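Peer 1: predicted model, plus sequence, below.
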Amino acid sequence: MHVNEAELDWETVDHDETGFRRKRLAAAAGGERLGCSLYELPPGERSWPFHYHTGNEEALYVLAGTGQLRTADGVEELEAGAYVAMPAGEAGAHRVSNDGDETLRYLAVSTMDDPDVTVYPDSGKIGVFAGSPPGSTESRTVAGYYRRDDEVDYWLDEA
């Protein structure tokens with residue numbers, strides 16, 4: 001199905017150092033196995049917290065502006081025309097920030113495999129998703145965020 005981004009409303013996320021606008025292009029076009037969102041990141045803002053997916057690959061393509069991409073290997077500069085592949089697993093850890101003077105505009109693309117676990121190295125959390133993948137608005141059978149240090153024995157409270 002065809003969709004024009006100009007016809008879609010922006011979703012806004014504003015939480016501490018995270019602030020951006022997003023349009024879910026793939027969902028609006030009926031995409032099921034491939035996600036794609038248009039992001040606008042104002043100067044001084046950052047995207048989702050530093051994380052990686054254990055089951056989904058992501059990529060981004062910069063349309064306009066400049067910024068930085070924090071990865072597992074350090075920080076990379078971003079500019080219009082840059083394409084970055086972020087594989088599933090620790091090597092694909094990332095967070096986008098805008099240290100420029102103009103809005104950073106980019107496409108984020110991802111596989112939409114279910115289930116998935118997201119890992120947040122800075123905060124020591126994991127996110128668990130089953131029933132629909134991260135980025136989806138569909139209902140889930142299992143979902144939540146947990147501290148990795150809250151591990152319990154397999155047999156705890158089992159008969």
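Peer 2: It's in.
Peer 1: kindly state the pLDDT recorded for the most centrally placed residue in the chain?
Peer 2: Among the residues of the chain, the one closest to the centroid is residue 48, at 6.0 Å (C-alpha atoms, centre = their mean). We note a pLDDT of 96 for residue 48 in this prediction.
Peer 1: for the strand or helix carrying residue 21, buried residues please.
Peer 2: In the assignment (DSSP states H and E), residue 21 maps to strand 18-24. Neighbour counts over strand 18-24 (16 or more other C-beta atoms under 10 Å) mark 19-24 as buried. Using the backbone N, CA and C atoms, a C-beta is placed for each residue, glycine as well.
Peer 1: same question for stretch 87-106.
Peer 2: For stretch 87-106, a neighbour-count test (16+ other C-beta under 10 Å) marks 88, 92-98, 100, 103-106 as buried.
Peer 1: quick one: which of those is nearest residue 72?
Peer 2: residue 93 (4.4 Å; C-beta to C-beta).
Peer 1: the closest one against residue 53, yeah?
Peer 2: No - with contact defined as C-beta atoms under 8 Å, residue 93 does not reach residue 53; the gap is 9.3 Å.
Peer 1: count of neighbours near residue 1?
Peer 2: 6 (other C-beta atoms under 10 Å).
Peer 1: excluding covalently adjacent residues, which one is nearest to it?
Peer 2: Counting by C-beta to C-beta, 6 or more residues apart in numbering, residue 30 is the residue found nearest to residue 1 once chain neighbours are left out, at 4.3 Å.
Peer 1: what ranges does the chain have for its strands?
Peer 2: Secondary structure of the chain (DSSP state E): strands at 11-15, 18-24, 34-41, 52-53, 58-64, 66-71, 74-79, 83-86, 94-97, 104-111, 116-120, 125-130, 142-147.
Peer 1: out of those, deepest packed?
Peer 2: For the strands of the chain, the largest average neighbour count (mean count of other C-beta atoms under 10 Å) is found in strand 52-53, namely a mean of 24.
Peer 1: mind giving me the packing neighbours of that strand?
Peer 2: Packing partners of strand 52-53 (3 or more C-beta pairs under 8 Å, 6 or more residues apart in numbering; DSSP states H and E): strand 116-120.
Peer 1: and the strand it packs on, how far out from the chain middle?
Peer 2: Offset of strand 116-120 from its chain centre (C-alpha atoms, centre = their mean, to the nearest Å): 10 Å.
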